[in-house]
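*Asks:* model this:
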Amino acid sequence: MALPRSFLLGSSPFITPKLHSSSLITKHIPSLSFSLSSTAMASASPAKKVLVPIANGTEPMEAVITVDVLRRAGADVTVASVEKQLRVEACHGVKIIADALVSDCGRSSFDLITLPGGMPGATNLKDCEVLESLVKKQVADGKLYAAICASPAVALGSWGVLKGLKATCYPSFMEQLAASGATAVESRVQLDGKAVTSRGPGTTMEFAVALVEQLCGKEKADEVSGPMVMRANHGVEYIITERNPMKWTSTDSPKILVPIANGTEEMEVIMIIDILRRAKATVVVASVEDKLDTIASRKVKLEADVLLDEAAKSSYDLIVLPGGIGGAQAFAKSETLVNLLKRQRDSNKPYGAICASPALVFEPHGLLKGKKATAFPALCEKLSDQSEIENRVLVDGNLITSRGPGTSMEFALGIVEKFFGREKAIELAKVMQKPRVQFRFGELWRLRILD
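*Replies:* Residues are numbered from 1 along each chain as shown. Next comes the predicted model:
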């Protein structure tokens, strides 16, 4: 009998918890001005208006996760480009199409303006005079403003809107943040008055949920975070379970196909693409639609590299599907994609899926036969074998599956570990958000026999 392995991620820096307690957001209490009555009134108030500016060089995880989570909460989010065109080339070759130009938003009013990080994206945001004016007016009007990663130091700090406030940012920008007049602290999410700041890609989900809490109240924040399969507590050990271990082989740069469609879950696909490209994998993003532009589940507009018919002419070391109900349904209807997946399986090459796709694509097409898998909790009843559905990430030989947005980083780093080894996975996790304590990816093993 094959023994599965579980590798433990101690105090993981990249999983984002559900915000159940105030300990997850560091609040500078003397500056707080949120009334208890605001939560009760949230349901009766109109949708909160939010501006998320993006630029060439923006960190795509920080932009897309923030937009996705805020839209889940019912916010009216405008993604606005500071460039001269709507399409921006974010970090790691991710192409995002904005809803508007920042230059056209100068006369608009927002309940929140929140800046993603990334370099040179943060610098490009800082250099936008219209955006600077909007943020300074936001501060003068006593409204919420926020930034993550490099942007608290590079943009907000340069504009002088963090003077005298406690704030955090990406570790390598802390000195610049302090030089701007802010009190630089190492909190994962820091709230001081109307300013909310955070550290990097690995803290973005909790940052976004914190913004929901400030805009719409804690009840809405809990409502949003639950279905994302977020962890209840930060700092616990995370387990990726593997049974029937096999070595995943490839060239120095594994070639990985990531299909997208209208209705794809944008957080999941962006985290997969971003992390795998950070690892120097050759990632091909292919649209199953009849054009490159797709509209994801929370209306984030993404541009693929190629159409699937073109991508299907090549072979891949891994084919991995993001979730999202609409996207998974489109995948299941794509004869080209299903045939690719079946050839991948028959060749004993790795393939994987997260969220809705294991249940709506793999299961009905027989791609889980003889395999253990997990999926989005509400769809696990569709799996014929439900014996291991509680695993956040499950590897069974050449198959890897996972549960949802809150497990996407674990899922992507699990793929990195299989192709590149644990040291690379550790390196990437540290880059995405320097951990408070050293964490271990696969260095401890717990064997257990599965029935």
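*Asks:* buried sites along stretch 213-222?
*Replies:* Residues of stretch 213-222 classed as buried: Glu213, Gln214, Leu215, Cys216, Gly217, Lys218, Lys220, Ala221 (neighbour count, 16 or more other C-beta atoms under 10 Å). Where you see a C-beta, it was placed from the backbone N, CA and C, and this is true even at glycine.
*Asks:* Put together a markdown table for those residues, with secondary structure and distance to Leu112 on each row.
*Replies:* Output for those, formatted as a markdown table (DSSP: H, G, I helix; E, B strand; the rest coil; distance: C-beta to C-beta, whole Å):
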| residue | secondary structure | distance to Leu112 |
| --- | --- | --- |
| Glu213 | helix | 12 |
| Gln214 | helix | 8 |
| Leu215 | helix | 6 |
| Cys216 | helix | 10 |
| Gly217 | coil | 14 |
| Lys218 | helix | 16 |
| Lys220 | helix | 14 |
| Ala221 | helix | 14 |
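*Asks:* Let's have those residues in JSON lines, adding distance to Pro350 and pLDDT.
*Replies:* Listed next are the buried residues of stretch 213-222 as JSON lines, based on distance: C-beta to C-beta, whole Å; pLDDT from 0 to 100:
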{"residue": "Glu213", "distance to Pro350": "39", "pLDDT": "97"}
{"residue": "Gln214", "distance to Pro350": "41", "pLDDT": "98"}
{"residue": "Leu215", "distance to Pro350": "41", "pLDDT": "97"}
{"residue": "Cys216", "distance to Pro350": "40", "pLDDT": "96"}
{"residue": "Gly217", "distance to Pro350": "43", "pLDDT": "96"}
{"residue": "Lys218", "distance to Pro350": "41", "pLDDT": "96"}
{"residue": "Lys220", "distance to Pro350": "39", "pLDDT": "97"}
{"residue": "Ala221", "distance to Pro350": "36", "pLDDT": "96"}
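*Asks:* So the closest residue to Cys149 other than its chain neighbours versus Ala195, what's the distance?
*Replies:* Nearest-residue entry for Cys149: Gly117, 2.3 Å, with adjacent residues in sequence omitted and distances by C-beta to C-beta, 6 or more residues apart in numbering. In this view, Gly117 and Ala195 are 15 Å apart by C-beta to C-beta, to the nearest Å.
*Asks:* By mean pLDDT, flag the weakest helix or strand of this structure.
*Replies:* One helix or strand of the chain scores below all others by mean pLDDT, DSSP states H and E: strand 441-447, with a mean of 33.
*Asks:* still on that earlier bit, looking at Gly117 and Ala195 now, which is surrounded by more residues?
*Replies:* Gly117 (31 against 22; other C-beta atoms under 10 Å).
*Asks:* The more buried one contacts Arg199, correct?
*Replies:* No. Gly117 lies out of contact with Arg199 (C-beta atoms under 8 Å); the separation is 9.1 Å.
*Asks:* ok, back up a step: roughly how far apart are the residue nearest to Cys149 and Pro53?
*Replies:* In this structure, Gly117 and Pro53 are 12 Å apart, going by C-beta to C-beta.
*Asks:* and if you look at Ala281?
*Replies:* Taking C-beta to C-beta as the measure, Ala281 and Pro53 are separated by 29 Å.
*Asks:* what about the two, which has more around it?
*Replies:* For Ala281 against Pro53, the residue with the higher neighbour count under other C-beta under 10 Å is Pro53, and the figures read 31 against 22.
*Asks:* where does the protein have low pLDDT?
*Replies:* Across the chain, the ranges flagged by pLDDT under 70 are 1-44, 232-239, 434-451.
*Asks:* which element is Leu125 on?
*Replies:* Secondary structure assigned from DSSP states H and E places Leu125 in helix 121-126.
*Asks:* burial of the closest residue to Ala261 other than its chain neighbours, as a residue count?
*Replies:* Setting aside the residues directly before and after it, Ala261 is nearest to Ala330 in space (C-beta to C-beta, 6+ apart), at 3.7 Å. By the other C-beta under 10 Å criterion, the neighbourhood of Ala330 contains 23 residues.
*Asks:* What does Ala330 show for phi and psi?
*Replies:* Main-chain torsions, Ala330, degrees, to the nearest 10: phi -70, psi -40.
*Asks:* Which parts of the stretch 201-350 of the chain are helices?
*Replies:* Counting by DSSP state H, counting those that start in this stretch, the stretch 201-350 of the chain has helices at residues 204-216, 218-225, 266-278, 308-311, 325-333, 335-346.
*Asks:* Output the fifth one in CSV with nothing but the alpha carbons.
*Replies:* Okay, so that is helix 325-333. Listed in CSV are the C-alpha atoms of helix 325-333, where the atom choice follows Å, rounded to 0.1, in the frame of the first residue of the first chain:
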residue,chain,number,x,y,z
ILE,A,325,-18.6,28.3,-12.0
GLY,A,326,-19.0,30.0,-15.4
GLY,A,327,-15.4,29.3,-16.3
ALA,A,328,-15.6,25.7,-15.3
GLN,A,329,-18.7,25.2,-17.3
ALA,A,330,-17.0,26.7,-20.4
PHE,A,331,-14.0,24.4,-19.9
ALA,A,332,-16.3,21.4,-19.6
LYS,A,333,-17.9,22.3,-22.9
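*Asks:* what angle sits between that helix and helix 266-278?
*Replies:* For the pair helix 325-333 and helix 266-278, the angle between their directions (axes from the mean of the first three to the mean of the last three C-alpha atoms, to 10 degrees) equals 70 degrees.
*Asks:* I'd like to know which elements helix 325-333 is packed against.
*Replies:* Using 3 or more C-beta pairs under 8 Å, 6 or more residues apart in numbering; DSSP states H and E as the contact criterion, the neighbours of helix 325-333 among helices and strands are helix 335-346, helix 357.
*Asks:* chain center to it, what's the gap?
*Replies:* In terms of C-alpha atoms, centre = their mean, to the nearest Å, the centre of helix 325-333 is set 20 Å apart from its chain centre.
*Asks:* and what of the third one?
*Replies:* Averaged C-alpha coordinates place helix 266-278 at 7 Å from its chain's average position (C-alpha atoms, centre = their mean).
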